[in-house]
Every structure is written in C-alpha cells, then in structure tokens.
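Visitor: Generate coordinates for the sequence data below:
(chains A and B)
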Amino acid sequence: MKKQSKPKVAFFDFSDCEGCQLQFANMGETLLEVMGLVDIVNFREIMSEAGEDYDVAFVEGSITTDNDVKRVKKIREKAKIVVALGACATIGGVNGMKNRAPLEVAKKRVYGDKADTVNTIKTMPVHEVVKVDYFINGCPVYIPEVVSVLKCILLGKPYVVPNYSVCVECKMNENVCRYEKDQECMGPVTRAGCNSWCVNNGNRCYGCRGLVDDPAANGAKDILAKYGLKLNDILNHFTLYNDSQGAKYDQAFK
Amino acid sequence: MKYASIKKEDLGKWLEHMKKKARVYVPKKKENQFIFRPLHDVSEVCLKYIPTILPPKKYYFPQKEKLLNFEIEPFKTSKAFKEFEEYILFAVHTCDIAGIQCMDIVFRETPEDPNYLNRKDKMTIIGIECLEYCDKYASCASMGNHEPRGGYDLMMIDIGEKFILHINSEKGEGLVRGVAYIKEASEAEMASLERVREAKKKVFKEEFAAPLPKIYEAFDKLFGSKVWDEVGKKCIACGNCTAVCPTCYCFDVYDDLDLSLDSGTRYRIWNSCQMDDFAKVVGGEDFRKGRDARQRHRYYRKFKYPVDKFNRYFCTGCGRCTRTCMSGISLIDTVNALATEMAWAEKAH
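Guide: Numbering: from 1, shown residues only, chains lettered A, B, ... in the order given. Next comes the predicted model:
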C-alpha cells in the first residue's frame, strides 16, 4: 500500500460522558501503531492543542441543543469524513430518555423554575443532523472494532456494521445462554459487532448497539413468555439506550 | 486386538498417558451446561454429559480460522497453514461422530479443502456410546446415530466396572498398545457388552412419527407447507441453531490487513443461513427474505438436499438446535408436523 500523507484526525464531543474517547486513549500499544498512520490534531483528553484543520472528524455524543446542530454542521463542512463514535452518536444512547416525555415536561423535571432559560431540543443521533460516513456503535466502543473502522477509513473502504444479533457472536464464544440461567439479556435483538463483550465477562447485554434492522418482535415476545418475563420489564431494558429510536420500538414491541 | 477393556479406576492414568502424546480435549462442565475444553485435571472430565454447547467441530472447523498470510506490494500469498499439533477428542458421543463424518464428506469433495484436511489429519477420536437418552430433545434413534457406525478410532462402552474399547483404527490401537492396564476383552466381558446392547434396545425408540424415507418424502412434497409459516413466526434469527449444529459448515472469508496496511491475514469465520443478509446479492435481491424461508432452508439442508447430493441425512439427532432455541422451535415437532401433514394428504387421495 502506498504511504500517503497521514490524514489529520480530530475528536469532538457533544452530549455524552466522553467515555468512548477514553476507550480510544486507553487503546494501549495499538495506539502507537495508530499514531504512525494518522496525525491527531484535536483530542482534548490527551493533548492541549486544538487544531481546526482536519480530514477525519470523530464525533462523540448526541445532538441535544440548537447550538449542537450549528456546531456539528460546521464540523461536517470542514471534515472529509465524519465518524459517529459510540452509542450516543450512533443511536442517541442513554440521553434518548429525554424523548420519552414531551420536551417541556422534560425541561421542567431537570431545571425546575429555570426551565425557560435553557435551550434544548429532542435528542438526536448525529446522522439525523448531518451525513455520517462511518458508524462505531457501543457504550463504550469496542476497540477491536474501532481499529477495523480506522483501517477501512485509511483504505477508503466502507465499514459494514453487522445486522445480526449479539447471540451469533455469543454462541461462537460458547457462553452459557443467560436465558438458560433465568437471566434476561438484550442479545437476541441487539446488533452484533462487540464480540459479545459483556456476556463473555459475566454481564448481560444491555442493547447499547441498538436494534438489528428487523427485530422479530413476535418471536422476542414468545421468548419473554417462555422464560416468564413481563413485556414491560424488558421494554424498560430496551429503552435504556434506544429511546431515540422510539418509533421503531413502539411499532415493533408495544 | 479388536476389543479391549479398561477398569474405570484406570481411566485417569490412561488420560495422563495420552496427554503426553497429544493435546486432549474432553467434555467438562460449564455452569449448568457442558463444553469441550483441553484436559488439565482428569477430575474435571465428565463422561455423563448432555451434548456440549458447541459440537467438537470447533476443533477441526474453528469459529474463526486463519487461512493464509498475504502481502500487498509485491503481491504474495502463502500456502494454507498446516502446522497443527496432534490432538485427541475424548468421549465424543456417537451423534457428534456422525457430524464429523458429514463434514468429511463435504470438505473432501473436489476441490478438497486443505485447511480442514490439515487439521483433520491430526485428529484422533475416542467415542463413548450412550446407553441412555441425554434428554428429550435428541432424535438420534430416528437418525440411526444412537449406536456407533464407524468414524472413530476407539469407542468406549460402559459395562459396569469397566469400559470395553472397540479398536477401530491403527491410530486407536496405538493408544492402547503397550498400556499394561488395558487388556484384550475376555469372553465374559464380550458377553456383558452383548447384554448392555440388548438392554439399550429397550431404551432408544424412534422419535419421529414416521421412518426416515417417509420423512424425506414429506420434505420432498411439502415445501409450501404452513408448518414453515409457524416456524418462521417463532424464529428471531439469532443463528444459535446453525452455530451449534455439528453439520452446519457455511463460512464467510475476509481479509484483515494489519496496521502496516502492507500485509494481512485471510480468515474464514462461521456464517449462517439464518442471518438477514445471507442470501442477499448485488442489486438488493434476497432469495430467502423471511425468517420462515431461512428456517425452512436450514431443515432442507438436513433432510433433503444432502440426501440428494451425498445420499446421507445431515441431521445427527443430537438435539442441539432444539435445546439452544430460545423461542422453542423443536426439530422433532417440526419434522412430526410435516409427517402428519403428509399422512393426511395420503389419506385424502
């Protein structure tokens, strides 16, 4: 492969915890190899400079104010490639819980009598505002997948996010199914790509990567019934990360 | 020597002996289920186990397997990896041995698959015959795999205080030859074996509502059956059934560049006909769009297509697909529903 000049990479965050950037910064030895391939010009967790000239923008966080909209549009204008980094940027993430109530009600709950002084809009994943070229799902992002996406960016190839459930990877890892232990799990309807990271480590799947395109709602309900779970219980788990995909859930599961 | 015997108390010693010769994989407990893992401590070996989460196919057709290395400039590819160590699969059920036989047919078909064969050449199989059902999900008697039908190096049969060892290959003989505590089976032991086999006939009964040729006929005639709608409604396309199947061998191949962007590795990874985009082609056409069509395809790849192509059923009767299905799709129920529909159709004529 011809070595071209190293692309300049910048990181920006919106409504989020900056944990996905932290994952990136904590990549370990691989980060040194990555630094050989790209120039990081703006990344406030690891450097004090904040370069405004960049080719690739990693955008973390969901869009939740009018100012966010303006800011992310500017980033889009400057960057050749925009990457949505993490659950908040790709599917709205936990912040999506704001969308559960009418905006005015949500504002009142958080800001009380100061609600009128705050500008806020519904929570949106980045692609609802500007075009996104690469999606890296997860809360937080899974570093092997980040590296795969990086390679795709450098090679000018698309990255296809898997459209099958976490169970596929979980079964290959030969985990005992959580349902067999009477523990619920979002794996059956959640998009894979994380190598069933949480379940491998004794946790359950929280659905942080969002739903597969065509979740089998009826089949999923049968499963809940078979294992004695109530639809409302599991809907609460579904909405933890996926409220900004509300319409899809309402249609499929309610 | 065709039949030998070993005292149960000597099994541990024998395992330690084999461990010196090769890597030994044994069934072990994992939480409330079982999996094949490398032998470390003989006390962990479970001889009484229901089929493991994944069949032993993970050792000769791994979930994710390196095929070869390549370089881009100048372009160069290496030959298939072949440096594998000798390994022994210990206490494999006869259903899983049938699975290995099926895989062999597929991967030995021209053009032979060197990656599979390189691993397979290093394998020794020691089976264990089931004398009781593992659970209600198995259909091994209907599939004819509840009894040993070849495909192994040694077969262990429990006759009480001892195991009879059926020696079925030179490799198998190599593992018992010169071992002081393994002796040629006596006449009395062979008589015990006969009694055990006789008793077993009362335990295992065909699980399907009709004999296999009738089942085949049902599959032949009932492609459009409502049975498939019902199965499709339940399915959530998690792909568990194909991952755990000892005869599912679909894979995808992809190239992974390392971070030099100059060289990389070609991998193959298990794929599944249950996935949404499995039969999608350029232009967006999808040949098996619904979960009903995809589930039907899985069944036809066990009871119809391989019978036409290889003259062999590719269901081993291990019951894993039913055991693992979260939404309760049962292989026995599905097959029996087809058989019943077929019987009704015949009556109507």
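Visitor: And the pLDDT for the residue nearest to the spatial centre of chain B?
Guide: The centre of chain B sits closest to residue B:246, judged by C-alpha atoms, centre = their mean, with a distance of 2.8 Å. As predicted, residue B:246 sits at a pLDDT of 98.
Visitor: can you pull the contacts of residue B:96?
Guide: Contacts of residue B:96 were listed using C-beta atoms under 8 Å, 6 or more residues apart in numbering or on different chains, and they are B:51, B:55-56, B:246, B:316, B:318. Yep, even glycine has a C-beta here, placed from its N, CA and C like the rest.
Visitor: which of those come close to chain A?
Guide: Applying C-beta under 8 Å from any C-beta of the partner chain to the contacts of residue B:96, one finds that nothing falls near chain A.
Visitor: before we move on, back to that, my understanding was that the residue nearest to the centre of chain B contacts residue B:316; is that so?
Guide: Yes. The criterion here is C-beta atoms under 8 Å, and residue B:246 meets it with residue B:316 at 5.4 Å.
Visitor: what is in contact with these two at once?
Guide: By C-beta under 8 Å, 6+ apart, residue B:246 and residue B:316 have these common neighbours: B:95-96, B:98-99, B:102.
Visitor: quick one: which of the residues you listed is nearest chain A?
Guide: residue B:96 (14.7 Å; C-beta to the nearest C-beta).
Visitor: Contacts only, for residue A:36.
Guide: Counted by C-beta under 8 Å, 6+ apart, residue A:36 has contacts residue B:259.
Visitor: Next one, pLDDT for it please.
Guide: 92.
Visitor: How about the one 5 residues further on?
Guide: Listed pLDDT for residue A:41 reads 95.
Visitor: Could you do residue B:117 as well?
Guide: So, for residue B:117, pLDDT stands at 93.
Visitor: to the chain's geometric centre, what's the distance from the strand or helix carrying it?
Guide: Take DSSP states H and E as the rule and residue B:117 turns out to sit in helix B:114-120. Here the centre of helix B:114-120 is set off from its chain's centre by 16 Å, with C-alpha atoms, centre = their mean, to the nearest Å.
Visitor: then the helix or strand that comes right after it to PDB, C-alphas only?
Guide: On the C-terminal side of helix B:114-120, the nearest following helix or strand under DSSP H and E is strand B:123-128. What follows is strand B:123-128, C-alpha atoms only, in PDB (Å, rounded to 0.1, in the frame of the first residue of the first chain):
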ATOM      1  CA  MET B 123      -7.200 -35.700  14.900                       C
ATOM      2  CA  THR B 124      -7.800 -38.900  16.900                       C
ATOM      3  CA  ILE B 125     -11.400 -39.600  18.000                       C
ATOM      4  CA  ILE B 126     -12.300 -41.600  21.100                       C
ATOM      5  CA  GLY B 127     -16.000 -42.100  21.300                       C
ATOM      6  CA  ILE B 128     -18.300 -43.000  24.100                       C
END
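Visitor: what ranges do the helices span in the stretch 51-200 of chain A?
Guide: A:66-78, A:86-91, A:103-111, A:143-155, A:166-172, A:197-200 (DSSP state H, counting those that start in this stretch).
Visitor: Sorry, wrong one. I was asking about the stretch 51-200 of chain B.
Guide: B:57-60, B:94-108, B:114-120, B:140-143, B:170-176, B:187-203.
Visitor: which stretch among these comes nearest residue B:255?
Guide: Proximity to residue B:255 (C-beta to C-beta) singles out helix B:114-120 among these, at 15.1 Å.
Visitor: which secondary structure elements does the closest one contact?
Guide: helix B:57-60, helix B:94-108 (3 or more C-beta pairs under 8 Å, 6 or more residues apart in numbering or on different chains; DSSP states H and E).
Visitor: Among those helices, which comes closest to residue A:50?
Guide: Of all the helices and strands packed on helix B:114-120, helix B:57-60 comes closest under C-beta to C-beta, at 48.7 Å.
Visitor: Can you give me the distance of the residue most central in space within chain A to chain B?
Guide: Taking C-alpha atoms, centre = their mean, the centroid of chain A lies closest to residue A:87, which sits 1.7 Å from it. According to C-beta to the nearest C-beta, to the nearest Å, residue A:87 and chain B sit 21 Å apart.
Visitor: Which residues are in contact with the spatially closest residue to residue A:144 that is not a sequence neighbour?
Guide: Here the nearest residue to residue A:144 in space, its sequence neighbours aside, is residue A:195; by C-beta to C-beta, 6 or more residues apart in numbering or on different chains that works out to 7.1 Å. Contacts for residue A:195 (C-beta under 8 Å, 6+ apart) come out as A:142, A:144, A:169, A:173.
Visitor: so what secondary structure elements neighbour the least confident helix or strand in chain B by mean pLDDT?
Guide: Lowest on mean pLDDT, DSSP states H and E among the helices and strands of chain B sits strand B:76-77, with a mean of 87. Using 3+ C-beta pairs under 8 Å, 6+ apart, the elements in contact with strand B:76-77 are strand B:64-71.
Visitor: and the strand it packs on, which residues are buried?
Guide: For strand B:64-71, the buried set under the neighbour-count rule, 16 or more other C-beta atoms under 10 Å in any protein chain shown, comprises B:65, B:67-68.
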